[in-house]
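In: next comes the sequence, and after it the predicted model I'd like to discuss.
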Amino acid sequence: QVQLVESGGGLVQAGGSLRLSCAASAHTFSRYNMGWFRQAPGKEREFVAAVSWSGGSTFYADSVKGRFIISRDSVKNTVYLQMNSLKPEDTAVYYCNADSAQLRITATTLGRYWGQGTQVTVSS
């Protein structure tokens, strides 16, 4: 079991940056694959980015590639999402997602564990 708590959301102007954090409770954080998803009003939840348990592999949705960076700190049990060049269409609730190293988190394979979400609003 792992508990996830996101933070760092807020209101930012288009072109700005935000960094989201997801703190995990698991003692074995380093054995979990981690990801970020988002859900805009009236839309389905969509994959944003994922990082492998080792941190050696990262994956991004095409819509954020080149603008967002996912990383993890195994000392702090935290995964980050650095969001640059934000656009109004990035406005959504962002959720942290996790599962064991046996499950690779992708757009179609979601982990079992979720945070409560953090709101990101990008104004034009």
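Out: Sure thing, it's come through.

In: if I read this right, residue 48 contacts residue 40, doesn't it?
Out: No. Residue 48 is beyond contact range of residue 40, at 11.5 Å (criterion: CB atoms under 8 Å). Using the backbone N, CA and C atoms, a C-beta is placed for each residue, glycine as well.

In: mind checking which of those two has more residues around it?
Out: Set side by side, residue 48 and residue 40 show more neighbours around residue 48, with 25 against 14, by other CB atoms under 10 Å.

In: next, the contact list for that one, please.
Out: 35-38, 60-61, 64, 68, 81, 94 (CB atoms under 8 Å, 6 or more residues apart in numbering).

In: will you turn those residues into TSV that also has pLDDT and neighbour count?
Out: Shown next, in TSV, are the contacts of residue 48 (pLDDT from 0 to 100; neighbours: other CB atoms under 10 Å):
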residue	pLDDT	neighbour count
35	97	27
36	98	27
37	98	25
38	98	24
60	98	17
61	98	16
64	98	22
68	98	22
81	98	27
94	98	23
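
In: turn the residues you listed into a markdown table, including distance to residue 44 and secondary structure.
Out: As requested, these are exported to a markdown table (distance: CB to CB, whole Å; DSSP: H, G, I helix; E, B strand; the rest coil):
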| residue | distance to residue 44 | secondary structure |
| --- | --- | --- |
| 35 | 16 | strand |
| 36 | 15 | strand |
| 37 | 10 | strand |
| 38 | 10 | strand |
| 60 | 18 | strand |
| 61 | 13 | coil |
| 64 | 16 | coil |
| 68 | 19 | strand |
| 81 | 19 | strand |
| 94 | 14 | strand |
